[in-house]
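Visitor: Need coordinates for the following:
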Amino acid sequence: MVFDRRNFLTVVALLPALSAARADNSADALAAVKQFQDGQQEIIPKIGQMSVKQRYDALRPAIGSTFDLPAMAKTVYGAGWDALSGAQKAEWSEALGDYIAASYAARLDGFNGTGFERDDKTVARDENIIVTTRVILKSGPPMALDYVVRPTPNGWKIGDILADGSISELAQWRRSLRGLSEGGYAASLATLRKRTDSFLTP
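Guide: Below you'll find the predicted structure:
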């Protein structure tokens, strides 16, 4: 192999810029996870005094701003997504965000945690960044909770959450909503909203 000094020097010159870019990406990924967890942290001390609807109202803004809902919706909807119009994709994505927020709000009934802690260092995985966090429990060891954060046209967004390092929340939502799209767009949207309401109705 012939040593190409010019190419070597070009790569060396680019290293500081690449390192700075990676640092910026990690900071943005961490910020997205922090924003979402901070939204949960605010209501944790008041869970027992809040209705599911009140928790939903508190969580929904953070989910909307930190989750990659369009990509999640494409995965959950499945076959037929590409045939939808832009307006339909946006509407279904928002409805999925409502569903996710409602499911989180309902799940907090049995929450046994007091807060979260995050690692400052992140791990790159393909184009994604993995942010490692833990749920601090009232009793027992902390529970691992990793966030898969991905680049989007609107910045770094959460694309999946891995409980115990491997149990995908996105996969569970997909299983729970499997088959919705088979009845067509309008029917799937109506069913998704109905399931969201079922979480919020006492």
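
Visitor: Only the buried residues of the helix or strand containing D160, if you could.
Guide: Assigned by DSSP states H and E, D160 belongs to strand 155-163. If you call a residue buried by 16 or more other Cβ atoms under 10 Å, then strand 155-163 has these buried ones: W156, K157, I158, G159, D160, I161, L162. Every residue, glycine included, has its C-beta placed from N, CA and C.

Visitor: Which residue ranges of the chain form strands?
Guide: With DSSP state E as the criterion, the chain has strands at 113-118, 123-125, 128-137, 143-152, 155-163, 167-168.

Visitor: Next, the contact list for the nearest residue to G78 once chain neighbours are set aside, please.
Guide: Spatially, and ignoring its direct neighbours in sequence, G78 is nearest to S181 (5.5 Å; Cβ to Cβ, 6 or more residues apart in numbering). Applying Cβ atoms under 8 Å, 6 or more residues apart in numbering to S181 gives the contacts Y77, G78, A79, G80, W81, S188.

Visitor: so what's the residue most central in space within the chain up against?
Guide: Nearest to the mean C-alpha position of the chain, by Cα atoms, centre = their mean, lies I158 at 3.4 Å. Applying Cβ under 8 Å, 6+ apart to I158 gives the contacts A32, V33, F36, T66, F67, D68, Y147, V148, V149.

Visitor: Ok, S93 next?
Guide: By Cβ under 8 Å, 6+ apart, the contact list for S93 reads L69, P70, M72, A73.

Visitor: Would you agree the second one is in contact with E91?
Guide: Yep, that's P70 we're talking about. No: using Cβ atoms under 8 Å, P70 is not in contact with E91; the gap is 11.2 Å.

Visitor: Restricting to C-alpha, output stretch 146-163 in PDB.
Guide: Coordinates of the C-alpha atoms in stretch 146-163 are reproduced here as PDB (Å, rounded to 0.1, in the frame of the first residue of the first chain):
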ATOM      1  CA  ASP A 146     -31.900   3.400  27.300                       C
ATOM      2  CA  TYR A 147     -33.100   6.000  24.700                       C
ATOM      3  CA  VAL A 148     -32.400   5.600  21.000                       C
ATOM      4  CA  VAL A 149     -32.100   9.200  19.700                       C
ATOM      5  CA  ARG A 150     -31.900   9.800  16.000                       C
ATOM      6  CA  PRO A 151     -31.300  12.800  13.700                       C
ATOM      7  CA  THR A 152     -34.400  14.300  12.100                       C
ATOM      8  CA  PRO A 153     -35.000  17.400  10.000                       C
ATOM      9  CA  ASN A 154     -36.100  19.000  13.200                       C
ATOM     10  CA  GLY A 155     -33.100  18.000  15.300                       C
ATOM     11  CA  TRP A 156     -32.300  15.000  17.500                       C
ATOM     12  CA  LYS A 157     -35.500  13.100  18.600                       C
ATOM     13  CA  ILE A 158     -36.200  10.000  20.600                       C
ATOM     14  CA  GLY A 159     -37.000   7.100  18.300                       C
ATOM     15  CA  ASP A 160     -37.300   4.300  20.800                       C
ATOM     16  CA  ILE A 161     -36.900   3.500  24.500                       C
ATOM     17  CA  LEU A 162     -35.300   0.200  25.600                       C
ATOM     18  CA  ALA A 163     -36.300  -1.100  29.000                       C
END
